[in-house]
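Student: Got a predicted structure here, sequence first:
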Amino acid sequence: MRYLEREAYDVVLEENTAKQLPARDVPTCPREKLGESCDLVIVVGGDGSLLGAARALAKHSVPLLGINRGRLGFLTDITPDQIEQKVGDVLAGKYLAESRFLLSMSVMRDGELVGQGSALNDIVLHPGELIRMIEFDLYIDGQYVYTQRSDGLITSTPTGSTAYALSGGGPIMHPKLDAIVVVPMNPHTLSSRPIVVEGSSELKLVVTSENTANPMVTCDGHDSVVTKPGDEIRIHKHPHRMTLVHPLDHNFYETCRSKLNWHSS
């Protein structure tokens with residue numbers, strides 16, 4: 001903050017963030033409105049903070065730059081001790097920009113919309129509060145794939161492939177790929193494996209009548225919707241993309257090595 005003011009940049013603070021800082025004579029606005037007045041949004045926090053900003057601001061096409069104050073930091077890749085140097089380079093036009101797509105989710109019940117959401121990482125169908133298997137049908141581009149009993153299903157973007165989908169046994173996908181990965185969660189049959197499909201694919205999950213619980217569907221861990229037997233969960237690309245800004249020395253594979261403890265010589 002002090003650095004940006006010293007460099008004579010116009011600064012707007014997200015209103016909830018401003019409440020946690022000492023009183024300053026700086027304009028504030030709701031997170032959802034930042035894209036209307038800012039050329040760049042700097043997110044200070046963990047990957048979860050950047051995911052929330054992406055969902056809120058994708059429609060404005062404002063680029064996001066992440067300062068890591070969390071744990072892994074796959075998306076927020078500038079450390080606090082690098083702020084002045086790295087942010088200064090970005091503001092001077094020395095940066096890499098990546099365009100990443102989000103997913104949209106809607107829950108239909110008897111033809112009526114009962115819930116919706118968006119996700120930069122993943123959309124997850126899970127049992128909710130009860131620990132038990134759930135059953136659902138999967139269709140991709142209108143074609144029946146399978147009926148599955150499992151703990152649920154993770155539908156992930158390439159961005160989310162290093163998150164929940166990875167812990168579920170899914171593949172790591174390069175962020176530039178135009179693809180979606182579907183990862184079963186503890187399926188009841190050992191032959192159920194992750195499936196990678198085109199990014200333009202339309203997915204439909206149908207909650208079957210065999211469920212004794214009401215499964216939930218969640219977007220990036222938020223926007224949960226409780227489903228009922230017969231509900232259809234429709235998943236496809238979000239109409240808007242988000243731009244993620246990195247320093248010039250950003251390297252996806254180096255990030256994987258350091259964050260996932262891969263061996264390096």
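Tutor: Done, it's in. Residues are numbered from 1 along each chain as shown.

Student: mind listing the helices for the stretch 51-200 of the chain?
Tutor: Along the stretch 51-200 of the chain, the stretches classed as helices by DSSP state H, counting those that start in this stretch are 88-91, 164-167.

Student: Domain parsing of this protein, as residue ranges.
Tutor: The chain is divided into the following domains under automatic domain parsing: 2-95+247-259, 102-240.

Student: for this structure, which spans come out with low pLDDT?
Tutor: In the prediction, the chain carries residues with pLDDT under 70 at positions 1, 23, 264-265.

Student: ok, back up a step: highest mean neighbour count out of the domains of the chain?
Tutor: Across those, the average number of neighbours (mean count of other C-beta atoms under 10 Å) peaks for domain 102-240, which reaches a mean of 18. For every residue, glycine as well, the C-beta is placed using N, CA and C.

Student: Straight-line length of it, end to end?
Tutor: 7 Å (C-alpha to C-alpha, to the nearest Å).

Student: Any chance of TSV for the helices of the stretch 51-200 of the chain, columns distance to residue 127?
Tutor: TSV is the format used below for the helices of the stretch 51-200 of the chain (distance: least, C-beta to C-beta, whole Å):
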stretch	distance to residue 127
helix 88-91	42
helix 164-167	15
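
Student: now for the ones you listed, which one comes closest to residue 126?
Tutor: Using C-beta to C-beta as the criterion, the shortest distance between residue 126 and those is 10.1 Å, found for helix 164-167.

Student: what's the closest one in contact with?
Tutor: 121, 122, 124, 154, 156, 172, 181, 183, 194 (C-beta atoms under 8 Å, 6 or more residues apart in numbering).

Student: Just to check, the third one is in contact with residue 154?
Tutor: Read that as residue 124. Yes - look at residue 124 against residue 154 with C-beta atoms under 8 Å: they come within range, at 5.2 Å.

Student: which residues are common contacts for those two?
Tutor: 164, 185.

Student: picking up where we left off before, out of the contacts of helix 164-167, which two sit at the greatest distance?
Tutor: In the contacts of helix 164-167, the most distant members under the criterion C-beta to C-beta are 124 and 172, with 18.0 Å between them.

Student: can you pull the contacts of residue 238?
Tutor: If a contact means C-beta under 8 Å, 6+ apart, then residue 238 has 58, 101, 102, 103, 104, 118 as its contacts.

Student: Select from these every entry located in strands.
Tutor: 101, 102, 103, 104, 118 (DSSP state E).

Student: Let me know the secondary structure of residue 211.
Tutor: Following DSSP: H, G, I helix; E, B strand; the rest coil, residue 211 is assigned to coil.

Student: Contact partners for it?
Tutor: With contact set as C-beta under 8 Å, 6+ apart, residue 211 has these partners: 134, 135, 229.

Student: mind listing what the residue nearest to the first one when sequence neighbours are not counted touches?
Tutor: Translated: residue 134. Spatially, and ignoring its direct neighbours in sequence, residue 134 is nearest to residue 215 (4.6 Å; C-beta to C-beta, 6 or more residues apart in numbering). Contacts of residue 215 were listed using C-beta under 8 Å, 6+ apart, and they are 125, 126, 127, 128, 134, 136, 152, 207, 226, 227.

Student: quick one: the last one and residue 214 touch, right?
Tutor: Think residue 227. Yes - proximity of residue 227 to residue 214 meets the contact threshold set by C-beta under 8 Å, at 6.0 Å.

Student: re earlier: format the contacts of helix 164-167 as CSV; extra columns: distance to residue 164.
Tutor: Below are the contacts of helix 164-167 laid out as CSV (distance: C-beta to C-beta, whole Å):
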residue, distance to residue 164
121, 7
122, 5
124, 7
154, 6
156, 7
172, 13
181, 11
183, 8
194, 12
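
Student: Between these, which sits nearest residue 49?
Tutor: Relative to residue 49, the closest of the contacts of helix 164-167 is residue 121; by C-beta to C-beta it sits at 12.7 Å.

Student: Would you check how far apart the nearest residue to that closest one once chain neighbours are set aside and residue 219 are?
Tutor: With C-beta to C-beta, 6+ apart as the criterion, residue 121 has its nearest non-adjacent residue at 3.2 Å, and that residue is residue 160. Taking C-beta to C-beta, to the nearest Å as the measure, residue 160 and residue 219 are separated by 11 Å.
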